[in-house]
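> Starting from these lines, generate the structure:
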Amino acid sequence: MTKLNIGMISFAHSHAFSYLEQLLQLPNVHVAGIADAEQTRVADVVKRHGIPYYDDYLALLATDIDAVIICSENAYHAQLAIAAAEHGKHILCEKPLGLSMEEMDQMIDSAHTHGVQLMTAFPCRFVPAVVEAKAAIERGDIGDIVAIKGTNRGTKPDIPWFTDKKLAGGGAVFDHTVHVTDLMNWFMPEARVTEVYALAETLFYEMDIDDAGMVHMKYDNGAVAVLDPSWSRTASFPTWGDVTMEITGTKGSLWIDCFEQKNELFSDTTMKANWYYWGDDMDHYMLKAFVAALLSGEPVPVTGLDGKRSTEVALAAYASAANQQPMKL
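Residues are numbered from 1 along each chain as shown. Prediction:
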């Protein structure tokens with residue numbers, strides 16, 4: 001069986017640990033190296049799995065790997081992805097794709113110029129409930145979409161760089177807008193967001209970055225959407241957060257809860273309810289799809305352009321909140 005040699009660049013984002021565990025389970029993947037300037041961050045997984053370690057990502061890119069997965073701080077996505085493309089490596093980049101339209105254009109252009117594929121990490125597209133909803137919409141079960149109400153409400157990340165605007169690019173609005181906006185765009189592939197009106201505030205924590213907001217969107221097909229992308233879930237919440245969507249069409253409606261496949265546990269040890277997800281792992285299916293596309297020479301299922309379109313909405317949301325008026329795209 002042909003195997004894809006994959007390198008991982010940076011474990012700054014905790015998703016990297018989940019991605020590694022899933023990659024190690026795929027029979028057609030060989031994890032050929034991990035690059036991270038902070039060795040202590042990856043020392044355990046490198047030792048446990050016997051994976052070559054590089055303190056310089058350029059040294060990893062100089063090897064014969066086929067692709068890289070980038071899970072760095074958001075501020076370094078563009079630099080790392082462009083370097084990977086210049087070395088002829090395919091790329092799966094953590095979201096949000098970049099911190100500006102210019103950065104994302106450079107990433108997409110570099111991948112095209114060097115003949116490699118750039119995929120944005122949007123695992124929510126691979127949740128069974130989302131996949132079934134997409135199929136129902138394509139069948140015309142609810143008619144034409146006229147409105148979407150979504151949530152992506154989490155707890156404040158405990159990784160320090162997430163609340164550093166220079167490294168993260170923004171707070172909760174930036175972190176959580178992109179996931180559900182990508183799903184909205186996916187459900188209406190021919191439509192484009194034309195206007196964004198948003199609020200971004202700091203309501204729950206004492207910090208210099210937003211932890212709450214509301215993002216309103218208008219599409220050129222007449223549909224409207226609203227999203228709560230906050231860090232409003234407290235430490236007592238049963239899990240890290242939620243991802244939900246209520247989709248209204250001309251012939252019916254759909255309700256999606258991405259994490260409904262769960263068990264509920266009430267324990268005196270934790271003194272709070274806990275949810276334990278038992279459903280299909282979205283990271284597994286996302287990585288499986290990425291690998292399958294590269295091995296078959298097919299287009300990756302979530303492109304750099306997809307990442308750009310959702311991030312564009314998040315950037316417009318901040319501009320709208322600052323100017324206190326709708327922003328045209």
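> How is this protein divided into domains?
4-121, 124-282+312-328 (automatic domain parsing).
> which of those has the lowest average pLDDT?
For the domains of the chain, mean pLDDT drops lowest on domain 124-282+312-328, to a mean of 94.
> what's the most buried one of the domains of the chain?
domain 4-121 (a mean of 19; mean count of other CB atoms under 10 Å). All C-beta atoms are positioned from the backbone trio N, CA, C, and that covers glycine.
> what distance separates the start and the end of that domain?
18 Å (CA to CA, to the nearest Å).
> Dump the domains of the chain into TSV; add distance to residue 296 as well.
Output for the domains of the chain, formatted as TSV (distance: least, CB to CB, whole Å):
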stretch	distance to residue 296
domain 4-121	11
domain 124-282+312-328	17
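> Tell me which of these sits nearest to residue 291.
Comparison of those against residue 291 by CB to CB identifies domain 4-121 as nearest, at 5.3 Å.
> what's the closest of the domains of the chain to residue 300?
domain 4-121 (3.9 Å).
> what ranges do the strands span in the stretch 151-300 of the chain?
193-201, 212-219, 224-228, 244-249, 253-257, 262-267, 272-277 (DSSP state E, counting those that start in this stretch).
> what pairs with the last one, and is each one parallel or antiparallel?
Take DSSP bridges as the rule and strand 272-277 pairs in its sheet with strand 262-267 (antiparallel).
> And the helices in the stretch 101-250 of the chain?
101-113, 128-139, 165-168, 172-187 (DSSP state H, counting those that start in this stretch).
> What about the nearest residue to residue 105 once chain neighbours are set aside, how many residues nearby?
What sits nearest to residue 105 in space, not counting adjacent residues and going by CB to CB, 6 or more residues apart in numbering, is residue 308, at 7.4 Å. The number of residues packed near residue 308 is 20, by other CB atoms under 10 Å.
> returning to that earlier point: can I get the helices of the stretch 101-250 of the chain in a markdown table with distance to residue 63?
A markdown table is the format used below for those (distance: least, CB to CB, whole Å):
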| stretch | distance to residue 63 |
| --- | --- |
| helix 101-113 | 19 |
| helix 128-139 | 35 |
| helix 165-168 | 27 |
| helix 172-187 | 31 |
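> Quick check: which helices or strands does the helix or strand containing residue 315 pack against?
Following DSSP states H and E, one finds residue 315 within helix 304-323. In this structure, helix 304-323 packs against helix 101-113, strand 118-120, helix 172-187, strand 193-201, strand 212-219, strand 327-328, with contacts taken as 3 or more CB pairs under 8 Å, 6 or more residues apart in numbering; DSSP states H and E.
> distance of the nearest residue to residue 121 once chain neighbours are set aside from residue 235?
Excluding the flanking residues, the one nearest residue 121 by CB to CB, 6+ apart is residue 94, at 4.9 Å. Note on residue 94: its distance to residue 235, by CB to CB, to the nearest Å, is 25 Å.
> repeat for residue 317
26 Å.
> same question, residue 298
43 Å.
> what does residue 205 give?
Residue 205 is 11 Å from residue 235, by CB to CB.
> With residue 252 instead?
38 Å.
> wait, doesn't residue 263 sit right on residue 239?
No: using CB atoms under 8 Å, residue 263 is not in contact with residue 239; the gap is 11.2 Å.
> Could you name every residue contacting both of those two?
Common neighbours of residue 263 and residue 239, counting by CB atoms under 8 Å, 6 or more residues apart in numbering, are residue 275.
> that older thread, contacting residues around the residue nearest to residue 105?
Counting by CB under 8 Å, 6+ apart, residue 308 has contacts 97, 98, 101, 104, 105, 108.
> these two touch, right, residue 64 and residue 5?
Yes: using CB under 8 Å, residue 64 is in contact with residue 5, at 6.7 Å.
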